[in-house]
Every structure is written in C-alpha cells, then in structure tokens.
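> This is a predicted model, with the sequence first.
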Amino acid sequence: MRAVFVMLKTDPGHVTEVANCIAEIESFSEAYSISGQYDLLVKLYVEDVDSVGRLIEREIHPIPHIRETYTLLTFEAFGASGG
C-alpha cells in the first residue's frame, strides 16, 4: 500500500462536513485541519499509483463544498512506522 496525501480547499464553514464525508472513503486513513492555503490534509492508502486519479476523480471531487485539491504522491516512508 502506498500513502497519498491530498490537500483540500473547502467552502467557508464546511471543513468538518467535508472531513466527515472523506472519512467514509474506503482508502481513508486520517484527516487534519491545517493552516495556510488549504483547509484539510487527508491521508489515504492506495494499492498502486494508477488508482490515484480514479480515487480523486470518483470519490473526492464529487463531495460537496470542495473547491480545490492538491495531491502529493509518496515514495518512501521513514521513521518507526515506515521501516
């Protein structure tokens, strides 16, 4: 499994609603409200990189009140949980 991070901009006042919807996605791991240009940082796990586009297009973009997404692919994990 590969971790993918997605940063999301939401409509004002809808961060919690969007986070709750994303938490229902099967590949969901965790979500954080964040400061800066984006409102949410979401961690998802996918089987392979080829499935990322479909995941974003079919499961995240249709969620109401998402204005923009920015996807980060991971390569190697470091630290206690990453090996």
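In hand now; what should we look at?

> Only C-alpha atoms from now on, for both contacts and neighbour counts.
Noted.

> Could you look up the next helix or strand downstream of the lowest-mean-pLDDT helix or strand in the chain?
Least confident helix or strand, the chain: helix 50-55 with a mean of 91, by mean pLDDT, DSSP states H and E. Using DSSP states H and E, the helix or strand that follows helix 50-55 in sequence is strand 66-73.

> Regarding the protein, what is its longest helix?
Ranked by residue count under DSSP state H, the longest helix found in the chain is helix 15-22.

> Next, the angle strand 66-73 makes with that helix.
60 degrees (axes from the mean of the first three to the mean of the last three CA atoms, to 10 degrees).

> quick one: helix 15-22 to chain centroid distance?
11 Å (CA atoms, centre = their mean, to the nearest Å).

> who does whichever helix or strand comes after that helix touch, helix- and strand-wise?
Downstream of helix 15-22, the next assigned helix or strand under DSSP H and E is strand 28-33. With contacts taken as 3 or more CA pairs under 8 Å, 6 or more residues apart in numbering; DSSP states H and E, strand 28-33 sits against helix 15-22, strand 40-46.
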